[in-house]
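1. What would the 3D arrangement of this be:
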Amino acid sequence: MHAQAVSPEEAENLLVPLARFPRVALAVSGGPDSLALMHLAAKWRDRHGGPALFVLTVDHGLRAGSRAEAQLVGRAAKAYDVPHAILPWEHGAVEARLQARARAARYDLMAAYCTAHDIQALVTAHHLDDQAETFLMRLKRGSGLDGLAAIPQQGSWAGLTLLRPLLDIPKARLVATAEEAGLFYVTDPGNEDARFERGRLRGAVDALAGLGLTPEAIALSARRLRRARAALEAATDDFLSRHAETSAAGYAVIDLAALLSAAEEIALRALARLIFTVGGATEPSRLAKLEALLVALKADPDKAHTLGGCRITPGHGRLLFFREMRKAGLPELELGPGERMLWDNRFRIELGAEESAPITVRALGEEGLKVLKEREALPPSLPRPAARALPGCWRGGRLVCLPDFDQKPRRSTPSSRHEVGLDCRATFLWGTL
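-> Numbers count the residues shown, from 1 in each chain. Modelled structure (predicted):
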């Protein structure tokens, strides 16, 4: 039976969440799924007079012709009057965890672009078949409820809202939508490559369907598990609001006794949230590692740990979460006048348009702390591990600017402004915490 294209009437309901944002980016690879998303979103925008759309294509540079395929997307986007940007992934040899590293790089690049261009939401074309495949891969790993709930329809990361409006639409219908619109699409051979887990699953689709494990049936289970996950997330919100505090300087604290006496599921979720946000990670820590951390905290509450880019330190009846300073250091990036950037997936930093020269943004580290101490400008209430991981603004090797933040941990997270002879602002991005 031939699949039906997604109708404009269906698109009206699917794309409603986009209407909340003035500027929206679409992740479009050149495959039929994402091109169908671009087609539906552009037509929907034309009917409603907004929002402003932008198309982003990441060129992973992993196979011949990838640049030409990205340029094909650009030509298609131009036909819909949508600006297009190609984001190249600069890398050396990638031998291990290829797909995972490519995915992380893809989101890093798109988040950085959205931050620089004041885009509030990123939309992807994940569909029902993706949902079913993700469920099965996580089932194989022994994932808990969150993993089996698979791909959420909405999320928040690095200051962006992530939207996946097509999760309940089968891939075949998106292919039909792209073909009906006359769009030329490409197929990534890596998607069917049996060397990768997702490729092996796709090769077993017919066998699974013969057992009744159709993508629709699997996605239904994931949808019902998402409902349970939402209830647990609401309980975690309440727990964190009562027992955890955050600082605009990018660290967090939680009452240790409350954490260790909480229901295990809530305690694990609270740890996951704090580590994910403070550590600037692209993906949450694995459940097995969180479980091991909670066991270790119960066995020895006075011992420090590291996980997910965080240093987790007990003290005075609390557990403190700081960004870990690794040997490789934190990012060092250049920021020009009038530009904004995402730094370490944690801070949005903007340099005033009237400034005469660019700045280098890098962690304060020990060098920056020494400068602050000499200037008697290091607030005594700021924990040293938090201060070391703050973004400092440098020119010619000299520290010229650092965030002006409220030192006392607080439940709200206002913008932190810093100004030392320089118009530069930094905001810590707390995501869903």
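2. okay, residue 294: pLDDT?
-> Taken from the predicted model, the pLDDT recorded for residue 294 is 98.
3. Give me the neighbour count for residue 76.
-> Neighbour count of residue 76, defined by other C-beta atoms under 10 Å: 24. Backbone N, C-alpha and C define where each C-beta goes, glycine included.
4. longest helix anywhere in this protein?
-> helix 215-243 (DSSP state H).
5. List the buried residues in that helix.
-> By neighbour count with 16 or more other C-beta atoms under 10 Å, helix 215-243 contains the buried residues 215, 218-219, 221-223, 225-226, 229, 232-233, 235-236, 239-240, 243.
6. list the helices and strands that helix packs on?
-> With contacts defined as 3 or more C-beta pairs under 8 Å, 6 or more residues apart in numbering; DSSP states H and E, helix 215-243 has these neighbours: helix 128-140, helix 145-148, strand 252-255, helix 256-261, helix 264-278.
7. can you rerun that using 6 Å?
-> Under the contact definition 3 or more C-beta pairs under 6 Å, 6 or more residues apart in numbering; DSSP states H and E, helix 215-243 sits against helix 128-140, helix 145-148, helix 264-278.
8. Tell me how far the second one lies from the chain's centre.
-> The one in question is helix 145-148. Using C-alpha atoms, centre = their mean, to the nearest Å, we find the averaged C-alpha position of helix 145-148 to lie 18 Å away from the chain's own average C-alpha position.
9. Relative to the helix or strand following that helix, what are the paired strands and their orientations?
-> If you walk from helix 145-148 toward the C-terminus, the next helix or strand you reach (DSSP states H and E) is strand 154-157. Sheet pairing of strand 154-157 (DSSP bridges) gives strand 160-163 (antiparallel).
10. got the CA positions of the strand it pairs with in PDB?
-> The C-alpha trace of strand 160-163 is given here as PDB (Å, rounded to 0.1, in the frame of the first residue of the first chain):
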ATOM      1  CA  LEU A 160      17.900  26.000  22.900                       C
ATOM      2  CA  THR A 161      14.400  24.400  22.700                       C
ATOM      3  CA  LEU A 162      14.700  21.200  20.700                       C
ATOM      4  CA  LEU A 163      11.500  20.200  18.800                       C
END
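11. what is the rounded mean pLDDT of it?
-> According to the model, strand 160-163 has a mean pLDDT of 93.
12. Quick check: what element follows that strand along the chain?
-> helix 171-180.
13. which ones are touching residue 289?
-> Under the criterion of C-beta atoms under 6 Å, 6 or more residues apart in numbering, the contact partners of residue 289 comprise residue 307.
14. just to revisit the earlier point, nearest to residue 354, out of the buried residues of helix 215-243: which one, please.
-> When the buried residues of helix 215-243 are compared for distance to residue 354 (C-beta to C-beta), residue 240 comes out closest, at 39.5 Å.
15. Let's see the distance spanning stretch 164-182 from one end to the other.
-> Taking C-alpha to C-alpha, to the nearest Å, the span from the opening residue of stretch 164-182 to its closing residue is 23 Å.
16. how does this structure divide into domains?
-> Segmentation of the chain into domains, based on automatic domain parsing, reads 8-218, 242-323, 333-428.
17. how distant is the shortest one from the center of its chain?
-> The chain centroid and the centroid of domain 242-323 are separated by 19 Å under C-alpha atoms, centre = their mean.
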